[in-house]
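# Predicted model, plus sequence, below.
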Amino acid sequence: MAEQRETKGKNAWYKAVIIITVLGITAIVALVTTAVLQNKPLLQKYKYGIVLDAGSSHTAVYIYEWPAEKDNDTGRVQQTHSCKVQGAGISSYSVFPGQAGASLKSCMKEAESLIPLSRHLETPLYLGATAGMRLLRMENQSLSDQVLWSVEEVLQSSPFSYQGARIITGQEEGAFGWVTVNYLSDRLKQGSGTTGALDLGGASTQISFVANQDVAEESAENAVTFRLYGNDYFLYTHSFLCYGKDQALKLALAQQTQSGDSSVLDPCFHPGYSVDRSYFSVYSSPCVMAGKPLVSRDSFTHVGAGNASLCQEVVRRIFNFSSCSFSRCSFNRVYQPPLQGPFGAFSAFYFVMNFLNLTSGSLESSREKLERYCSRPWTQISGSDAGWTLGYMLNLTNMIPAEAPDTPPLPHAGYVTLLFFISLLLFFLLFLCFRFLWPHRNSQTQMI
Ligand SMILES: Nc1nc2c(ncn2[C@@H]2O[C@H](COP(=O)(O)OP(=O)(O)OP(=O)(O)O)[C@@H](O)[C@H]2O)c(=O)[nH]1
Ligand SMILES: [Ca+2]
């Protein structure tokens, strides 16, 4: 009888333990599931921005996206697509300014198809024109206005939120290139060392780096200040108009054709290269100050000699190092403080070095490879994207806050992990309770 009572009591206790354990586990699972679901980011929605980089050599359309709920916060802006506009830069449409806008249509259609319809109306659209248009404006303001009106007409007729088309200043181009490079390498939020930016375009080149504050005292036009994520940055920036790759080539060619000979042996072109060029193609550029040589001929034969060191000398001659009215200069009487930190080089610096497989290795080994490459005959040469646009858009959309945003003490994953381990600990404690209370309870039952 006593044995039967004892067995009944034990069974009841087993059932109670099982029910409590199941309930406990269910509660913990429910707790963790609720925490995960509650804190799980909802289905990600994105916002978009479009920037057209109307460069001297070509126009590119860049589409950027960022998580919709993270505007002006920590949301990372990413380039999702780029479209290269067919043909040359918009400044080349000076003869038929009305056609400049038409050239953008196919890339704009592509943007329409890539950005969700529901976001079209709110997507900001900017166009920034650089050195090619600066040169056209210097030559003929009316033609440059007509080109801008033409692109404006097409952009206004797009479904996006058109914010304007303008010729940005060299200072903006340099400074926003710096913002882009440092944003992409995540150096702004960390507030650690930054990297300088070197941009070799077709008609201008930019250099920007953090310098100390006396830049503003010595040459205010080269000084830019930013407050980003709570850090102040004092930048030196300069844009050298006419020192982009294409215009620099014209400067070098103008220098070599001053004698008026019927052919020019150019060390900067491969041996075997031979092309007839018109003087107009070289001397019509506003960058070329020297007049066309006094000869009756309209053209000359451009012949390659393929000699890297002689080419260096030719190129050196387009830079004027002779005088400086500041404490120090780079070239052409332009102030430049001492260089600081590492540099990120993009645009043609990258295109050329990448084409030559020289993006890794020392400067010395690159020099050797360049010398070998330049001396190769023309017949053996076979044919082969960071810029200012992201920084420009980040600035215009206020995407980088001046102050660092407040962040929750724990990231989402950390929060869930913590919750999980606390639950596990609770479960373990519960287990210990049963493990040690059970024999005690059992003996009590036996005594009854
Ligand atoms: N090899 C190579 N060269 C390129 C490429 N894209 C552009 N270039 C050339 O590199 C030079 C600089 O190009 P970009 O940086 O696009 O110049 P841009 O923006 O048109 O000119 P700017 O208005 O002066 O900034 C020009 O001579 C271009 O013809 C490319 O993908 N590969
Ligand atoms: Ca450019």
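Received it, and whenever you're ready, just let me know what you need. Ligands and ions are numbered 1, 2, ... in the order given.
# Dihedrals phi and psi, the closest residue to Arg277 other than its chain neighbours?
Leaving aside its sequence neighbours, Arg277 sits nearest to His302 (CB to CB, 6 or more residues apart in numbering; 5.0 Å). Any C-beta I mention is one placed from the backbone N, CA and C, and that applies to glycine too. The phi/psi pair for His302 (degrees, to the nearest 10) reads phi -90, psi 110.
# burial measure for His302, as a count.
19 (other CB atoms under 10 Å).
# quick one: terminal-to-terminal distance for stretch 185-192?
One end of stretch 185-192 to the other measures 11 Å (CA to CA, to the nearest Å).
# Sort out which residues of the helix ranked longest in the chain are buried, please.
Determined from DSSP state H, the single longest helix within the chain is helix 2-39. The neighbour-count check on helix 2-39 (16 or more other CB atoms under 10 Å) flags 9, 28, 32, 35 as buried.
# Please work out the average pLDDT along the helix or strand that comes right after that helix.
For helix 2-39, the following helix or strand on the C-terminal side (DSSP states H and E) is strand 46-54. For strand 46-54, mean pLDDT is 95.
# Output strand 46-54 as PDB - backbone C-alpha positions only.
C-alpha atoms of strand 46-54 as PDB (Å, rounded to 0.1, in the frame of the first residue of the first chain):
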ATOM      1  CA  TYR A  46      16.100  51.800 -50.400                       C
ATOM      2  CA  LYS A  47      16.300  55.300 -51.400                       C
ATOM      3  CA  TYR A  48      18.100  56.500 -54.500                       C
ATOM      4  CA  GLY A  49      20.100  59.400 -55.800                       C
ATOM      5  CA  ILE A  50      21.500  60.000 -59.400                       C
ATOM      6  CA  VAL A  51      24.500  62.100 -60.200                       C
ATOM      7  CA  LEU A  52      25.700  62.800 -63.800                       C
ATOM      8  CA  ASP A  53      29.400  63.500 -64.100                       C
ATOM      9  CA  ALA A  54      29.700  65.600 -67.200                       C
END
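# Check which helices and strands that strand is in contact with.
strand 59-67, strand 124-129, helix 141-156, helix 389-396 (3 or more CB pairs under 8 Å, 6 or more residues apart in numbering; DSSP states H and E).
# Number of residues surrounding Trp388?
The burial count for Trp388: 30, using other CB under 10 Å.
# let me fix that: Asn395
A count of nearby residues for Asn395, using other CB under 10 Å, gives 16.
# can you check Thr237 too?
25.
# Look up which residues are beta-bridged to it.
Thr237 has these beta-bridge partners by DSSP bridges: Ser208.
# Can you read off the pLDDT for it?
On pLDDT, Thr237 comes in at 98.
# Quick check: the gap between it and ligand 2.
Here Thr237 is placed at a distance of 14 Å from ligand 2 (CB to the ion, to the nearest Å).
# picking up where we left off before, of all the helices and strands packed on strand 46-54, which one comes closest to Ile167?
strand 124-129 (4.7 Å; CB to CB).
# Paired strands for that closest one, with orientation please.
strand 46-54 (parallel), strand 161-167 (parallel).
# anything in the first one near ligand 2?
Right, strand 46-54. No. Figure legend: strand 46-54 not in contact with ligand 2 (CB under 5 Å from the ion); closest approach 6.1 Å.
# pretty sure Leu419 is in a strand, no?
No. Per DSSP: H, G, I helix; E, B strand; the rest coil, Leu419 lies outside any strand segment and is helix.
# distance of it from ligand 1?
Plainly put, Leu419 is 50 Å away from ligand 1 if you go by CB to the nearest ligand atom, to the nearest Å.
# I'd guessed that residue sits against Leu31; true?
Yes. In this structure, Leu419 is within contact of Leu31 by CB atoms under 8 Å, at 7.3 Å.
# Tabulate the helices and strands packed on strand 46-54 in CSV, adding columns for mean pLDDT and distance to Pro116.
Formatted as CSV, these follow (pLDDT from 0 to 100; distance: least, CB to CB, whole Å):
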stretch, mean pLDDT, distance to Pro116
strand 59-67, 94, 10
strand 124-129, 97, 15
helix 141-156, 97, 20
helix 389-396, 89, 18
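# and the ones you listed as CSV, adding distance to Ser347?
Formatted as CSV, these follow (distance: least, CB to CB, whole Å):
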stretch, distance to Ser347
strand 59-67, 11
strand 124-129, 14
helix 141-156, 21
helix 389-396, 12
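# right, and these - which one's nearest Leu198?
helix 389-396 (14.5 Å).
# Against which helices or strands is that closest one packed?
So helix 389-396, by 3+ CB pairs under 8 Å, 6+ apart, packs with strand 46-54, strand 59-67, strand 124-129, helix 170-184.
# So it, near ligand 2 or not?
No. Judged by CB under 5 Å from the ion, helix 389-396 and ligand 2 are separated, with a smallest distance of 8.8 Å.
# Looking at the buried residues of helix 2-39, which is nearest ligand 1?
Ala35 (48.9 Å; CB to the nearest ligand atom).
# quick one: contacts for the closest one?
By CB atoms under 8 Å, 6 or more residues apart in numbering, the contact set of Ala35 is 415-416, 419.
# if we can go back for a sec, quick check: which of the strands paired with strand 124-129 is buried the most?
strand 46-54 (a mean of 24; mean count of other CB atoms under 10 Å).
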